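Trainee: Here is a sequence with its predicted model. Questions after.
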Amino acid sequence: MKFTRTLLASVAAGLMATSAFALTDADYKAGKDRISADYKAAKQKCDALKDNAKDICEKEAKGAENVAKAELDAQHKPSPKATRKVADARADAAYDVAKEKCDDLKGNEKDVCEKDAKAARVKAKEDAKVAEAQAKPADNAAEKGANVADAKKDANAEKNDAAYKAAKERCDAMSGDAKSKCVDDMKRMYGKS
């Protein structure tokens, strides 16, 4: 909970900081060129690797490029929506890399890895939605409070569902009574019927 508040505060602070230092069009174009060059260099390093290590490297390079583009866009035209796009790009990049790393695993271990990666992505994206709601101006405090409360409620439901699916996947490695008990425990823990 403390980490989530800290994350939300840092996203909101980042939004305020970027709005004060918007990029010029020339700086924006130079930034796009730099990002493109950085991506090409990172991807070229991946060529020396083989198999899944190469795939992971390529996902890392593409993710870094997408995050850098989102950050550049947020600096060029700051807004709560642009800040959220940065958080979404980071979540997607981390997810793509984590999911690719799961390819080295097999069976239920791979399934659990993929569900954990998805749960982490859902959490990051939902936290970004809440931060966006907190950063958006509203006509009055009551309206803003209601918007933030709705965003938090929706985010908690999505995060809970993703965490439940990941936890339930762990139960699939078991059999018989142990599996049934595990599933029942997960349902109770995550408020599922």
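Mentor: Done, it's in.

Trainee: Just the buried residues of the helix or strand hosting Ala157, please?
Mentor: Taking DSSP states H and E as the criterion, Ala157 maps to helix 141-171. For helix 141-171, the neighbour count (16 or more other C-beta atoms under 10 Å) marks 148, 151-152, 155, 158-160, 162-171 as buried. In short, each C-beta sits where N, CA and C put it, glycine included.

Trainee: repeat for stretch 98-108
Mentor: So, applying 16+ other C-beta under 10 Å, buried residues of stretch 98-108: Ala98, Lys99, Glu100, Lys101, Cys102.

Trainee: show me the contacts for the last one.
Mentor: Applying C-beta atoms under 8 Å, 6 or more residues apart in numbering, we find Cys102 in contact with Lys110, Cys113, Glu114, Ala117.

Trainee: Likewise for the first one?
Mentor: Ala98 sits next to Cys113, Asp116, Ala117, Ala120 when contact means C-beta under 8 Å, 6+ apart.

Trainee: What is the nearest of those residues to Cys57?
Mentor: Ala117 (17.2 Å; C-beta to C-beta).

Trainee: was I right about that closest one contacting Lys99?
Mentor: Yes - if you go by C-beta atoms under 8 Å, Ala117 and Lys99 touch, sitting 4.9 Å apart.

Trainee: what's the angle between the helix or strand hosting Val183 and helix 141-171?
Mentor: Val183 is located in helix 176-190, with elements delineated by DSSP H and E. Helix 176-190 runs at 170 degrees relative to helix 141-171, counting by axes from the mean of the first three to the mean of the last three C-alpha atoms, to 10 degrees.
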